[in-house]
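Enquirer: Let's see this in three dimensions:
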Amino acid sequence: MSDQQSNNSLGNVQFDQAPIVKKIKKVHGGHHGGAWKVAYADFVTAMMALFIVLWVLGQNDEVKEAVAGYFKDPVGFSSKGQSILEGKNSQLIDLNIEEDIKRQEAEKFELEKMGEKLKEDIGKDTELMNISDQVKVEITKEGLRIELIDSEKDVFFEVGTSELKADAKKLIQTVGKELSKLSNKIIVEGHTDARQYQNDGSGYSNFELSTDRANSAKRALVSGGVSEKQIDEVRGFADTRLRDVNDPFSFLNRRISITVKYTSK
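Expert: Numbers count the residues shown, from 1 in each chain. Below is the predicted model of the structure:
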């Protein structure tokens, strides 16, 4: 074959393209792996265990005994049959109850002193001393109760009405002046004896009369200085809460009750 022919033959030959080699880089766990999470969890668990041990070491013998009982009985009961949390909560509850009792006893003492002072001030007032013996002060489960009770000679309201007499209004205003110094809530109640109100067929009864009288007393308290926000309730009981149950018609049953509630009630 001639050189020319050889060159022509080579010119017709098509050489293949050089192969492309792809290198795959293998990435190890590094920061995208999960091994560090396991290590961190172990660290947190160890720290929690350390804090629990330190906490237990700082507790009294009763708590330590309860913790030991818990590990003896995984259900959560100590050797005394009481759970750790239950024992701790019962201690807190007992402390709270004890504090509430002490606080109420202190408040009871202060209210008693105020009641005695109120009686003394009324007795010294020349305009009120003639009805001072109709004021009864006593401590009840609700708080301090001040009762203004009718007598055979003196009544606080005009007969069959809710209109306060002048001396009765002044008396209640005097009570209001003293109660205005407190933040305690106040309940005002009206009571009648068992004589039924002679209505004109409108349905007005001793319930309405006792409620209206309680509202009149409430207004006198407010005019004496008591805040409207202090008034918690105004009640009319008619003759359902007799003071003298043996004599439903007794004047002792006709009264206004003013209760200064304990702040915890």
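
Enquirer: starting at the chain centroid, how far to whichever helix in the chain runs longest?
Expert: Using DSSP state H, we find that the single longest helix of the chain is helix 84-124. Relative to the chain's own centre, helix 84-124 is displaced by 15 Å; criterion: Cα atoms, centre = their mean, to the nearest Å.

Enquirer: and it, what other elements does it pack with?
Expert: With contacts taken as 3 or more Cβ pairs under 8 Å, 6 or more residues apart in numbering; DSSP states H and E, helix 84-124 sits against helix 61-72, strand 135-139, strand 143-149, helix 166-179. Every C-beta, even on glycine, is put in place using the N, C-alpha and C of the backbone.

Enquirer: Tabulate these (TSV), appending mean pLDDT, mean neighbour count and distance to residue 97.
Expert: Converted to TSV, the helices and strands packed on helix 84-124 look like this (pLDDT from 0 to 100; neighbours: other Cβ atoms under 10 Å; distance: least, Cβ to Cβ, whole Å):
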stretch	mean pLDDT	mean neighbour count	distance to residue 97
helix 61-72	72	14	19
strand 135-139	94	16	20
strand 143-149	96	21	19
helix 166-179	95	20	29
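
Enquirer: Tell me what angle the longest helix of the chain forms with strand 135-139.
Expert: With axes from the mean of the first three to the mean of the last three Cα atoms, to 10 degrees defining the directions, helix 84-124 sits at 160 degrees from strand 135-139.

Enquirer: got the angle for helix 84-124 vs helix 166-179?
Expert: Relative orientation of helix 84-124 and helix 166-179, computed by the same axes, to 10 degrees: 140 degrees.

Enquirer: and helix 84-124, average pLDDT?
Expert: If you average the pLDDT over helix 84-124, you get 79.

Enquirer: Please apply the same query to stretch 192-199.
Expert: Mean pLDDT, stretch 192-199: 85.

Enquirer: buried residues in it?
Expert: Residues of stretch 192-199 classed as buried by neighbour count (16 or more other Cβ atoms under 10 Å): 192-193.
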